[in-house]
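# fold the following.
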Amino acid sequence: MNLNNLPQFAGQCDPAFLFPDDMTLAEVQADARRPLSEAKRHRLVKASKCPTAPKPAETVHIPQSWIGRPERQTAIEPTKLAGTPEGQRAAYTVLQFREWSDEYRIRTRVETTAGTTPPEQAGPRITANLSQRAARKVAESCSYVSLQKGGYRTFFTLTFDAEHRAAIDAGETSIQREVSRFMDGLQKMWRRGWKAEFTAPHGRKFYCADKGGEVMGEPGKDKELLYVWVAEAPDNEHGKPNPHVHVLINWRVKYSLFPSWAKRIESLWGQGIAHIEKIKDTDAAASYMMKAAGYLCKAQGKSDQGEIRGNRYGICAAARAPEWATLSETQLHIMGRLIADVHEHLTQRHGEDYRRRKVLAQYLEKAPKGSKTRHAVGKALQKVRRKLEKLPIVASKHQILLKGKHAFWLFLQWARTNDAGQVTNWLPEKGPGEVWNPGETRPPCQWYAEFKERHYWRRALRKMPQWSDLEFTQAANDYEQYAAIAAA
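All right, here's what the predicted structure looks like:
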């Protein structure tokens, strides 16, 4: 057989092969390498589906020197899980300072792994509770204003009438919008000053004058009015939401001006009743707000504070507490264990005071207002709180708060000393070798395992109840008898 005389398309499909529908193989399949399907042969459009440019790999020029070289072996490595590279920090010891309160904070922080995304923030802004972050912001604002700007001095509650409640439910307005309008008007009244007036029975308005004939009122002020507000929506007697707003401001007037001032504020609100009262203890302004914001909902047995669309709280710029300033971020080392040990020590040493504070606070909520029982419970609670406030430290499992530079340096000295023992009564005893070295990685595994075991037994011994004199005497007698028997 002569192989030189074979046809041009021997062993292949002729591109000019004609199908029964008068289409050639080249028309329905340009590359002539894939098998034809029934759908392709009966297409109504005879052109290419999607003409594309040649792939870049097909147009790359291959140098002649590469031809004939042996193929390079490619090693395929398995995919590794995301983690912290060797020598880089994943757990931190963070030292921070807050100037306005002269407080230092030492806390631990752990980096998340690569690929961990935060929760999605989408949809309408509807909340059922004041978040923990918002409650912290309100409490810090109250402390900041109390320490630096005289404190909040007046507390009032703004309610909505039926017309405006319906507008809020229909989405025509929001609590945030109405409170912003009211606070803008109150700021203008604060800056421009105001004059006390009253309305006669026939409807005519008159200014109030003192004994000397001077018009009573207050002049305008240059500084900004400070305020913070929190909204909630408990159910009314018909089971429908009853939104209202609790507000703290640093504005207080004389007793003689209070009726006219309160009426002016209620007129400025214009959407319901404004209940106004003065704050006796400016240091306790945060407790006023938090208790008022959750009191009605707790009384109704609800786990939330009512659904609210938009912002649930607001703080003016001048009343916002400055954030913590970071002094350093270093490798965690053993700081996490030291902080947990301090927390355990304070819990054991002052646990009875912490328990009494919690129990007395619960009794105070249940006691009727104005009763002698409530007064006695409040007095006892105040005594316990003042005792705990004298401690220069507040500790949790993951961070500690130190009041003043002296307490801060005392703690650092205790943490960095090789054999510190017990420096002060609010710091626990520390064994030899338990030293926090800033910037160093975690100690070797064997040493760290022994350190954890010592730490565990030290906490266990701390929890053991102390012996009474009788128990100690009996145990001493038993040991003496055992020693005498052993000596014989």
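# how about the longest helix along the chain: buried residues?
For the chain, the helix that runs over the most residues, judged by DSSP state H, is helix 335-366. By neighbour count on 16 or more other C-beta atoms under 10 Å, the buried set for helix 335-366 is 335-346, 356-357, 360-361, 363. The C-beta positions use only the backbone N, C-alpha and C, and glycine is treated the same way.
# now stretch 168-181
If you call a residue buried by 16+ other C-beta under 10 Å, then stretch 168-181 has these buried ones: 168, 173-176, 178-179.
# SS state for the most centrally placed residue in the chain?
In the chain, the residue lying closest to the centroid (C-alpha atoms, centre = their mean) is Arg133, at 3.6 Å. Here Arg133 is helix, with the state taken from DSSP: H, G, I helix; E, B strand; the rest coil.
# any idea how far Ile339 is from it?
Going from Arg133 to Ile339 by C-beta to C-beta, to the nearest Å gives 22 Å.
# quick one: residues contacting Met189.
Counting by C-beta atoms under 8 Å, 6 or more residues apart in numbering, Met189 makes contact with 264, 268.
# what about it, helix or strand, and which?
Using DSSP states H and E, Met189 sits within helix 175-192.
# any idea of the pLDDT on Thr417?
Note on Thr417: pLDDT of 84.
# neighbours around it, how many?
Using other C-beta atoms under 10 Å, Thr417 has 14 other residues around it.
# ok, the buried residues of stretch 168-181 vs Trp447, which is closest?
Distances from Trp447 to these, taken as C-beta to C-beta, are shortest for Gln176 (55.8 Å).
# right, and that closest one touches Val245 too?
No. Using C-beta atoms under 8 Å, Gln176 is not in contact with Val245, being 9.6 Å away.
# now for those two: what residues contact both?
Joint contacts of Gln176 and Val245 (C-beta under 8 Å, 6+ apart) are Ala231.
# how about Asn418, nearest residue that isn't a chain neighbour?
Distance criterion C-beta to C-beta, 6 or more residues apart in numbering; nearest residue to Asn418, sequence neighbours excluded, is Val435 at 5.4 Å.
# and that neighbour, that's in a strand?
No. Read with three-state DSSP, Val435 is coil and lies in no strand.
# quick revisit: need the next SSE after the longest helix of the chain, C-terminal direction.
Immediately after helix 335-366, counting by DSSP H and E, sits helix 372-389.
# list the contacts of His333.
Here His333 is in contact with 93, 436-438, 440-443 (criterion: C-beta under 8 Å, 6+ apart).
# including neighbour count and distance to Asn425, could these go into CSV?
CSV is the format used below for the contacts of His333 (neighbours: other C-beta atoms under 10 Å; distance: C-beta to C-beta, whole Å):
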residue, neighbour count, distance to Asn425
Thr93, 24, 24
Trp436, 21, 21
Asn437, 14, 26
Pro438, 16, 26
Glu440, 13, 29
Thr441, 14, 33
Arg442, 13, 30
Pro443, 17, 28
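# just name the closest of the residues you listed to Gly314, please.
Thr93 (34.9 Å).
# which secondary structure element contains that closest one?
Assigned by DSSP H and E, Thr93 falls in strand 91-98.
# give me the number of residues near the residue nearest to His345 when sequence neighbours are not counted?
Take His345 and drop its neighbours on the chain: the residue closest to it by C-beta to C-beta, 6+ apart is Pro428, 3.7 Å away. Neighbour count of Pro428, defined by other C-beta under 10 Å: 22.
# would you map out the domains in this protein?
8-51, 127-319, 329-350+398-472 (automatic domain parsing).
# out of the ones you listed, nearest to Thr108?
Nearest to Thr108 among these is domain 329-350+398-472 (5.0 Å), distances taken as C-beta to C-beta.
# so how far is the closest one off the chain centroid?
Relative to its chain's centre, domain 329-350+398-472 lies at 27 Å (C-alpha atoms, centre = their mean, to the nearest Å).
# I figured Ser141 hits Trp229, correct?
No. With contacts counted by C-beta under 8 Å, Ser141 stays clear of Trp229, the gap being 10.8 Å.
# contacts for stretch 155-175?
With contacts defined as C-beta under 8 Å, 6+ apart, stretch 155-175 is touched by 178-179, 182, 231, 241-249, 265, 269, 271-279, 285, 288-289, 292, 308-311.
# let's see that with 6 Å instead.
Residues outside stretch 155-175 that contact it (C-beta atoms under 6 Å, 6 or more residues apart in numbering) are 231, 243-248, 269, 271-277, 279, 288, 309-310.
# filter those down to the buried ones.
231, 243-248, 269, 271-272, 274, 276, 279, 288, 309-310.
# tell me the one of these nearest Tyr152?
Distance ranking of the buried ones among the contacts of stretch 155-175 against Tyr152, using C-beta to C-beta, places Leu248 first at 4.0 Å.
# quick one, phi/psi of Ala321?
Recorded main-chain torsions at Ala321 are phi -70, psi 130, according to degrees, to the nearest 10.
# I'd say it and Tyr144 touch.
Yes. Counting by C-beta atoms under 6 Å, Ala321 touches Tyr144, with 3.7 Å between them.
# count of residues packed around Ala395?
Neighbour count for Ala395, taken as other C-beta under 10 Å: 21.
# swap that for Trp409, please
12.
# assign it to helix, strand or coil.
Trp409 ends up helix, using three-state DSSP.
# same deal with Thr326?
At Thr326 the chain is in strand, as set by three-state DSSP.
# excluding chain neighbours, what is closest to it?
Spatially, and ignoring its direct neighbours in sequence, Thr326 is nearest to Gln96 (5.3 Å; C-beta to C-beta, 6+ apart).
# what bridges to that neighbour?
When assigned by DSSP bridges, Gln96 has beta-bridge partners Arg105, Thr326.
# how confident was the prediction at it?
At Gln96, pLDDT is 94.
# the one 5 residues further on too?
Ser101 is assigned a predicted lDDT (pLDDT) of 91.
# name the helix or strand of the protein that has the lowest mean pLDDT.
helix 56-59 (a mean of 50; mean pLDDT, DSSP states H and E).
# just the buried residues of stretch 253-264, please?
253, 257, 260-264.
# any chance of the residues you listed in a markdown table, plus pLDDT?
Formatted as a markdown table, these follow (pLDDT from 0 to 100):
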| residue | pLDDT |
| --- | --- |
| Val253 | 88 |
| Leu257 | 86 |
| Ser260 | 87 |
| Trp261 | 89 |
| Ala262 | 88 |
| Lys263 | 88 |
| Arg264 | 88 |
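# can you flag which of those residues belong to helices?
Counting by DSSP H, these place 260-264 in helices.
# let's have those residues in TSV, adding distance to Lys195.
Formatted as TSV, these follow (distance: C-beta to C-beta, whole Å):
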residue	distance to Lys195
Ser260	9
Trp261	11
Ala262	15
Lys263	13
Arg264	9
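# quick one: which of those is nearest Gly150?
For those, the nearest to Gly150 is Trp261 (18.3 Å; C-beta to C-beta).
# excluding its backbone neighbours, what's nearest Cys208?
The shortest distance from Cys208 to any non-neighbouring residue, by C-beta to C-beta, 6+ apart, is to Ala196 (4.0 Å).
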